[in-house]
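>>> got a structure for you, letters missing:
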């Protein structure tokens, strides 16, 4: 009996590791530092990903992964990776696009379209974000999930892992806040900040407190560039 359980655990661990290996390789090979529209970002070669056999293998692996017994950090890292993979898949399924939002419609926004299959169940970007990741109560997830747009936090060029997920999200937060083109910048007596702090105020709280902005300064939200983060 114990032998069967150990074999199951070992096989499950291999499966999780295998999908991360493929995602790691894809990120390293098809993303790079760059800039567009005056915004510095990690840019993605979507066409290259679509033609790579690892992409198909990755999606096939995800269809079979049973995620119900994951620890909190395993679950968080897994679903962050899945969200980012799903965003890339949405772009590729509807290629060519100028913006990921173009993959949706007035009646069914892109966030509500089912796009990826995990353990034989289909998920939308919105479900993964709001029903799974935001339920963790960790506001750092907003720096980790990337909706394939220029004003989003940058796509991390490595897979998130259970042993480093908090550290990796903190790295992404620091990177985002260091970006004057999409995180935060000061001009005279006004701080210009990302609209993320408006849309997710329930998660971040008062931006004056969260971003340590002096009360005698004004706050304005930057425009959000939904152009595809492509090379």
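Sure, I can see it. Owing to the predicted nature of the structure, the values given are computational and were not obtained by experimental measurement.

>>> who's in contact with residue 152?
Shown in contact with residue 152 (CB atoms under 8 Å, 6 or more residues apart in numbering): 146, 182, 229. Quick note: C-beta positions are derived from backbone N, CA and C, even for glycine.

>>> And it, how far from residue 18?
Applying CB to CB, to the nearest Å, the value for residue 152 to residue 18 is 27 Å.

>>> about what we covered before: now flag whichever of the contacts of residue 152 is closest to residue 71.
residue 146 (23.7 Å; CB to CB).

>>> burial count for the closest one?
By the measure other CB atoms under 10 Å, the count of residues near residue 146 is 21.

>>> That one touches residue 85, doesn't it?
No: using CB atoms under 8 Å as the test, residue 146 is too far from residue 85 to be in contact (10.4 Å).

>>> where are the low-confidence patches of the chain?
Within the chain, the set of residues satisfying pLDDT under 70 comprises 1-17.

>>> Helix, strand or coil: sort out the residue nearest the centre of it for me.
By CA atoms, centre = their mean, the chain has its centre lying nearest to residue 145, at 1.9 Å. Per DSSP: H, G, I helix; E, B strand; the rest coil, the secondary structure class of residue 145 is coil.

>>> Next up, the contacts around it.
Residue 145 sits next to 80, 83, 84, 87, 128, 129, 133, 153 when contact means CB under 8 Å, 6+ apart.

>>> let's go with 10 Å and repeat that
By CB atoms under 10 Å, 6 or more residues apart in numbering, the residues touching residue 145 are 79-84, 86-87, 125, 128-129, 133-134, 152-153, 155, 160, 169, 172.

>>> Just to be careful, could you list which of the residues you listed are in helices?
Judged by DSSP state H, helices contain the following of the contacts of residue 145: 79, 80, 81, 82, 83, 84, 86, 87, 125, 169, 172.

>>> In CSV: those residues, plus distance to residue 187 and neighbour count.
As requested, the ones in helices among the contacts of residue 145 are exported to CSV (distance: CB to CB, whole Å; neighbours: other CB atoms under 10 Å):
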residue, distance to residue 187, neighbour count
79, 37, 24
80, 33, 26
81, 36, 25
82, 38, 25
83, 33, 24
84, 32, 23
86, 36, 28
87, 31, 25
125, 33, 28
169, 28, 24
172, 24, 23
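
>>> Nearest to residue 205 among these?
Distance to residue 205 across the ones in helices among the contacts of residue 145 (CB to CB) is lowest for residue 169, with 17.0 Å.

>>> Touching, residue 80 and residue 156? I think so.
Yes: in this structure residue 80 lies within contact range of residue 156 using CB atoms under 10 Å: 8.9 Å.

>>> any shared contact partners between those two?
Common neighbours of residue 80 and residue 156, counting by CB under 10 Å, 6+ apart, are 143, 144, 146, 168, 169, 172.
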